[in-house]
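[1] Below: sequence and its predicted model.
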Amino acid sequence: MPDVAFINGSFVPLAEAKISIDDRGFQFGDGVYEVIRTYKGRPFALEAHWARLERSAAALDLTQPYSRADWTSHVLEGIKRATYPEAKIYIQLSRGAAPRDHVYPAQVAPTVVMTVREFHPLDKSVPAAGVEAMTIEDIRWGRCDIKSLNLLANVFARQQAKQAHVFEAILVKEGLVTEGAVSNVMVVRGGTVMTAPEGPRILSGVTRAVVLDLARSGGLPIQERFVTQADLYEADEVFLTGTTVEVLAVVRIDGKVIGNGRPGPIAQRLASDFTRLVG
């Protein structure tokens with residue numbers, strides 16, 4: 001089964017995909033992206049991903065080359081060509097190729113890159129046991145709500161997590177929990193689900209929104225507010241949400257046991273609800 005690439009309107013084998021060295025996505029990180037996954041061959045929550053792509057592009061004054069219908073058509077064609085049982089679709093939109101200058105030109109054709117690769121979900125033993133995390137300082141730029149290509153702080157966070165032999169790095173800014181390096185973070189205390197509010201300090205995940213809707217429809221109280229690092233340690237439950245992790249309980253943070261050290265009932269319930277939704 002082939003990994004598939006799509007470059008500026010054309011499908012090509014991944015090994016043959018090329019863009020200009022003058023592309024501003026490469027030179028400056030001047031672009032945005034989305035990651036979509038499939039369930040039983042069907043892409044999940046496309047409209048939410050397109051809405052976020054549009055918001056991110058507009059925030060950076062990037063030209064949108066395709067309508068939502070066009071994007072969807074390209075994604076479905078890529079899935080068809082790759083033929084993977086489950087796939088991860090990466091979409092990148094950059095400002096395009098131009099002579100290197102911090103000031104971007106008034107007219108430049110955007111560069112569209114899409115790849116379709118096989119997706120390997122977490123082994124079932126991982127969510128069953130829960131994962132460990134660590135906290136680190138959030139040193140990202142001030143517009144985390146834009147899903148931009150500038151991910152160096154996230155790269156360092158994930159590398160630190162790997163070196164510490166934990167699953168995720170939870171980012172903390174001025175004592176307040178923002179999100180994970182590749183996930184959103186939710187905290188349960190007294191039956192209430194708490195998570196950082198939408199705004200420039202977090203990237204509001206598509207899965208985050210789906211899980212909050214599931215929680216509300218299930219009658220769970222929700223508070224979209226920042227919690228402290230101390231709140232993490234004292235929580236009844238902590239769990240992550242994201243496209244690739246879905247709903248994933250955290251059972252230890254910075255070496256401290258969360259709750260009873262096992263995935264809690266609310267995380268398990270929401271994970272089950274999510275599985276039924278996508279199934």
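    Arrived safely, thanks for sending. Numbering: from 1, shown residues only.

[2] give me the number of residues near the closest residue to Ala5 other than its chain neighbours?
    Distance criterion C-beta to C-beta, 6 or more residues apart in numbering; nearest residue to Ala5, sequence neighbours excluded, is Ala17 at 3.6 Å. Quick note: C-beta positions are derived from backbone N, CA and C, even for glycine. Number of residues near Ala17 (other C-beta atoms under 10 Å) recorded here: 17.

[3] With the one 10 residues further on instead?
    Burial of Gln27, expressed as a neighbour count using other C-beta under 10 Å, amounts to 18.

[4] Against which helices or strands is the helix or strand where it lies packed?
    For Gln27, the element it lies in under DSSP states H and E is helix 24-28. Applying 3 or more C-beta pairs under 8 Å, 6 or more residues apart in numbering; DSSP states H and E, one finds that helix 24-28 contacts strand 87-94.

[5] quick one: contacts of the strand it packs on?
    Strand 87-94 has contacts (C-beta atoms under 8 Å, 6 or more residues apart in numbering) with 23-26, 30-38, 41, 43, 53, 57, 62, 64-65, 71, 75, 78-79, 110-119, 149, 244.

[6] Quick one: mean pLDDT for it?
    The average of the pLDDT scores along strand 87-94 is 98.

[7] how big is the angle separating the next helix or strand after that strand from strand 87-94?
    Sequence-wise, the next helix or strand downstream of strand 87-94 (DSSP H and E) is strand 111-118. Here strand 111-118 points in a direction 170 degrees away from that of strand 87-94 (axes from the mean of the first three to the mean of the last three C-alpha atoms, to 10 degrees).

[8] Mind listing the strands strand 111-118 pairs with, and their directions?
    strand 4-7 (antiparallel), strand 87-94 (antiparallel) (DSSP bridges).

[9] mean confidence for it?
    Strand 111-118 comes out at a mean pLDDT of 98.

[10] ditto for stretch 46-60
    When pLDDT is averaged over stretch 46-60, the result is 98.

[11] Pull the CA coordinates from stretch 25-35 and hand them back as PDB.
    Provided in PDB are the C-alpha atoms of stretch 25-35 (Å, rounded to 0.1, in the frame of the first residue of the first chain):
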ATOM      1  CA  GLY A  25       6.900  27.400   4.900                       C
ATOM      2  CA  PHE A  26      10.500  26.000   4.800                       C
ATOM      3  CA  GLN A  27      12.200  29.400   5.100                       C
ATOM      4  CA  PHE A  28      10.100  31.000   7.900                       C
ATOM      5  CA  GLY A  29       7.400  28.500   9.000                       C
ATOM      6  CA  ASP A  30       5.000  30.800   7.200                       C
ATOM      7  CA  GLY A  31       2.100  28.500   7.000                       C
ATOM      8  CA  VAL A  32      -0.600  26.400   8.800                       C
ATOM      9  CA  TYR A  33      -1.500  22.800   8.900                       C
ATOM     10  CA  GLU A  34      -4.200  20.200   9.900                       C
ATOM     11  CA  VAL A  35      -4.000  16.500  10.900                       C
END
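
[12] Show residues contacting that stretch.
    Stretch 25-35 has contacts (C-beta under 8 Å, 6+ apart) with 19, 24, 49, 52-53, 56-57, 60, 62, 88-95, 100, 102, 104, 111, 146-151, 243-244.
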